[in-house]
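Colleague: Give me a model of this one.
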Amino acid sequence: MGTKFNLSNEITKILNEEKINETAKKCGFVIRESKLTGFRFLDMLLFTYFNHKELSLNDLSVQLKARYGISIKKQSVNERFTQTAVSFFKIILEDVINISVQKTNKIDFTKYEKVRIKDSTAFQLPEPMQNNY
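Modeller: Numbers count the residues shown, from 1 in each chain. This is a model prediction of the structure:
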């Protein structure tokens, strides 16, 4: 059986809360001070305790209250799912991939059986990696 790659673990090993929040501001996902920071939004989606297949906006609101003590209506959570949020996630993923590739001179792709993506987000791999998938 192959080694599992856990994106959540990789992100937290590579990027800290300050770097994630800085990225959220730079890309326009966070415009002004808010209870729902870029890090908390990312954390809410990647580290949720709920079943992702049945995840509701209310579940996300409950999780934010439990983890951070902040009350946000499900409608407010829904309003954060924008094209800017997609851009924010894309930048974070690019940073994680770039830093991971730089740390590892040669990646042995044969040990991975599959790549699991839990949503319909599309992204492009760097040209040198495209032949591996």
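
Colleague: What lies in contact with stretch 71-78?
Modeller: Stretch 71-78 has contacts (C-beta atoms under 8 Å, 6 or more residues apart in numbering) with 35-36, 44, 56-58, 60-61, 64-65. No exception for glycine: its C-beta is placed from N, CA and C like everyone else's.

Colleague: Restricted to helices, list those residues.
Modeller: In helices, defined here by DSSP state H, the members of these are 44, 57-58, 60-61, 64-65.

Colleague: Can you lay out the residues you listed as a markdown table showing pLDDT?
Modeller: Output for the ones in helices among the contacts of stretch 71-78, formatted as a markdown table (pLDDT from 0 to 100):
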| residue | pLDDT |
| --- | --- |
| 44 | 86 |
| 57 | 90 |
| 58 | 90 |
| 60 | 89 |
| 61 | 91 |
| 64 | 90 |
| 65 | 92 |
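
Colleague: Show me where the protein has its helices.
Modeller: With DSSP H as the criterion, the chain has helices spanning 7-14, 17-26, 38-46, 57-68, 74-79, 83-103, 127-130.

Colleague: Please identify which of these is closest to residue 114.
Modeller: Ranking the helices of the chain by proximity to residue 114 (C-beta to C-beta) places helix 7-14 first, at 13.4 Å.

Colleague: low-confidence ranges in the protein?
Modeller: 1-10, 48-52, 103-110, 115, 117-123, 132-133 (pLDDT under 70).

Colleague: So what's the residue count around residue 84?
Modeller: 15 (other C-beta atoms under 10 Å).

Colleague: Determine which two of the contacts of stretch 71-78 are furthest apart.
Modeller: So, those by C-beta to C-beta: farthest apart are 35 and 56, at 19.6 Å.

Colleague: Would you format the helices of the chain as a markdown table with distance to residue 112 included?
Modeller: Formatted as a markdown table, these follow (distance: least, C-beta to C-beta, whole Å):
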| stretch | distance to residue 112 |
| --- | --- |
| helix 7-14 | 13 |
| helix 17-26 | 25 |
| helix 38-46 | 19 |
| helix 57-68 | 29 |
| helix 74-79 | 33 |
| helix 83-103 | 13 |
| helix 127-130 | 12 |
